[in-house]
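Participant: I need the structure of the sequence given here:
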Amino acid sequence: MGSSQLKDIKEEITVKLKYLTVVRDMTGLREECINFPMGSTLQEVAVWLRENHGLSLPDPGIMTILNGKGWGQFPTGLATQIKEGDVICLFPPISGG
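Facilitator: Numbering: from 1, shown residues only. Just a heads-up that it's a prediction; the model follows:
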């Protein structure tokens, strides 16, 4: 493999998006793996979701979780960088009584 091919491989990361319950119905998918440029942030994921699935995030009707932690829990918020192998789950808020 030439050095230019190695460079191309390192310039993208793959993130798994998992859609649960109502969000699955909205997207028509259970999950998908999407490539983003290295250095991308949750904001770029939100833009991609809007452009490809019509989901406008943040949305109080959709919980967004990165590797088990809510997007709002990250000190850098939507500016949080994503990494290779990250898993993002989207689902409606859960309420109990």
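
Participant: how far is the helix or strand hosting L17 from where the chain is centred?
Facilitator: Per DSSP states H and E, L17 falls inside strand 12-19. Relative to the mean C-alpha coordinate of its chain, strand 12-19 is positioned 6 Å out (Cα atoms, centre = their mean, to the nearest Å).

Participant: tell me the mean pLDDT over it?
Facilitator: Strand 12-19 carries an average pLDDT of 98.

Participant: now swap in stretch 89-97 and tell me
Facilitator: Averaging pLDDT along stretch 89-97 gives 81.

Participant: how about the strands in the protein?
Facilitator: 12-19, 31-37, 63-66, 69-70, 87-91 (DSSP state E).

Participant: including mean neighbour count and distance to V47, could these go into CSV?
Facilitator: For the C-beta atoms, the positions are set from N, CA and C on the backbone; glycine is no exception. As requested, the strands of the chain are exported to CSV (neighbours: other Cβ atoms under 10 Å; distance: least, Cβ to Cβ, whole Å):
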stretch, mean neighbour count, distance to V47
strand 12-19, 17, 13
strand 31-37, 13, 10
strand 63-66, 18, 13
strand 69-70, 10, 19
strand 87-91, 18, 13
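
Participant: redo the ones you listed as TSV? Include distance to L49.
Facilitator: Listed next are these as TSV, based on distance: least, Cβ to Cβ, whole Å:
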stretch	distance to L49
strand 12-19	8
strand 31-37	9
strand 63-66	9
strand 69-70	16
strand 87-91	8
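
Participant: which one of those lies nearest to A79?
Facilitator: strand 63-66 (12.6 Å; Cβ to Cβ).

Participant: paired strands for the closest one, with orientation please.
Facilitator: strand 69-70 (antiparallel), strand 87-91 (antiparallel) (DSSP bridges).
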